[in-house]
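> Give me coordinates for this.
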Amino acid sequence: MHRSLRRVAGMAFALLCLGSVLPATPAGAQPATPKQDSAIVLPGATSAEGIARGAGNTFFAGDLFAGDIYRGNVQTKTAALFIDAPAGRMALGMKADLPHQLLFVAGGFTGHAYVYDIRTRATVADYTFGPANGSVVNDVTLVPGGAWFTDSVQPKLYFVPVDAAGRPGPFTTLTVTGPAAALTGDFNLNGIAATPSGKTLIVAHTANASLYTVDPKTGASALIAGVSVPNVDGIVLRGHRVWAVQNFSNQISRFKLSADYSSGTLEKVITSPLFEVPTTAALFGDRVAAVNAKFDTGLPPTASQYEVVVTRA
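Below you'll find the model as predicted:
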């Protein structure tokens, strides 16, 4: 990583740490510490942040500062290097478009996003959404016809269209308005998910400890009432349930959302003795797989190894 990127990242990390508080379990929630958690080591990784579900029990996970992609299996509890990324790339949030065999990866402080061919491991597209250090492309979600990316330092979402043949096209930028557009901290828009139709987006706002809905046509946003998520990072949506990963809180909170996604009720707080600052997650049936970023060791982190933790969802 370039020295300037390290400097900006380090400043952001320090400020984030100062504002991080380990919250008590919210009233009405049932803490859950499963007995059969497991950790899948990403061999040779120098950092970690994003994860995406692949086919069956397969997952993809990224080396944050090297940009490399790992492929693993939650059943066999193994992982190996899958894509040796070119120098200068980063890998944050990611999603796998299985019908088109594409892997979409957010490029963080580089301002880029990358699309890889899962079959050949080749780079299909390299998008420049914003300037290095002036954009933090943080996470991505899939919708019919393309993929949406967040930017943590600008109130913007980026859309990459994908045609019926699986060819990514030129990106467009959507300006977010309303409460989700607030730039109240070093990391603002972060995790993102979408309803199956793609007509409603849900974004996590780290600095505001909140989730919002966003209209993908207009950019208008609205608070999801009743959802308080300090240190929120990645999110996963299944039906009307959302799992919010809370990195420095070392937990994942599961909420049941209302029919119109305007409010939510806390159902469960998922903890694990194996969590070490989890950042993003993917669902595998009744299990959730979360990446240990270990940002408590620094940014870039200095841990000797990085894992994907699998626990009950």
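
> where do the helices sit along the stretch 1-150 of the chain?
3-18 (DSSP state H, counting those that start in this stretch).

> contacting residues around the closest residue to His240 other than its chain neighbours?
Using CB to CB, 6 or more residues apart in numbering and skipping the chain neighbours, the partner closest in space to His240 is Leu257 (4.6 Å). Placement of C-beta: from N, CA and C, glycine included. Going by CB atoms under 8 Å, 6 or more residues apart in numbering, Leu257 touches Ile224, His240, Arg241, Val242, Ser263, Gly264.

> again with Ile40
For Ile40, the contact set (CB under 8 Å, 6+ apart) comprises Gly72, Val74, Lys77, Thr78, Ala79, Ala289, Glu307, Val308, Val309, Val310.

> Return the closest of those residues with respect to Val41.
Using CB to CB, Glu307 comes nearest to Val41 of these, at 5.3 Å.

> Now do the same contact list for the closest one.
So Glu307 contacts Ala39, Ile40, Val41, Leu42, Ala48, Leu274, Glu276, Val291, Asn292 (CB under 8 Å, 6+ apart).

> top of those by neighbour count?
Highest neighbour count within the contacts of Glu307, by other CB atoms under 10 Å: Val291, with 31 neighbours.

> Could you double-check that that residue sits in contact with Thr279?
Yes: judged on CB atoms under 8 Å, Val291 makes contact with Thr279 at a distance of 5.5 Å.

> chain center to stretch 214-233: distance?
15 Å (CA atoms, centre = their mean, to the nearest Å).

> got the buried residues for it?
In terms of neighbour count (16 or more other CB atoms under 10 Å), stretch 214-233 has its buried residues at 214-216, 219, 221, 223-224, 227-233.

> Do me a favour and get the end-to-end distance for that stretch?
17 Å (CA to CA, to the nearest Å).

> try stretch 53-71
Stretch 53-71 has an end-to-end distance of 10 Å (criterion: CA to CA).

> for that stretch, which positions count as buried?
For stretch 53-71, burial by neighbour count (16+ other CB under 10 Å) applies to 53-54, 57-71.

> Equivalent analysis for stretch 265-285, please.
Result for stretch 265-285 [16+ other CB under 10 Å]: buried residues 266, 268-272, 274-282, 284.

> go on, stretch 288-306?
288-296, 299-301, 303, 306.

> so Val288 makes contact with Thr311?
Yes: at 6.1 Å, Val288 counts as touching Thr311 under the criterion of CB under 8 Å.

> list residues touching both of these two?
Contacts common to Val288 and Thr311, judged by CB under 8 Å, 6+ apart, are Ile270.

> picking that back up, please flag which of the buried residues of stretch 214-233 sit within strands.
Among the buried residues of stretch 214-233, DSSP state E puts Val214, Ser221, Leu223, Val232, Asp233 in strands.
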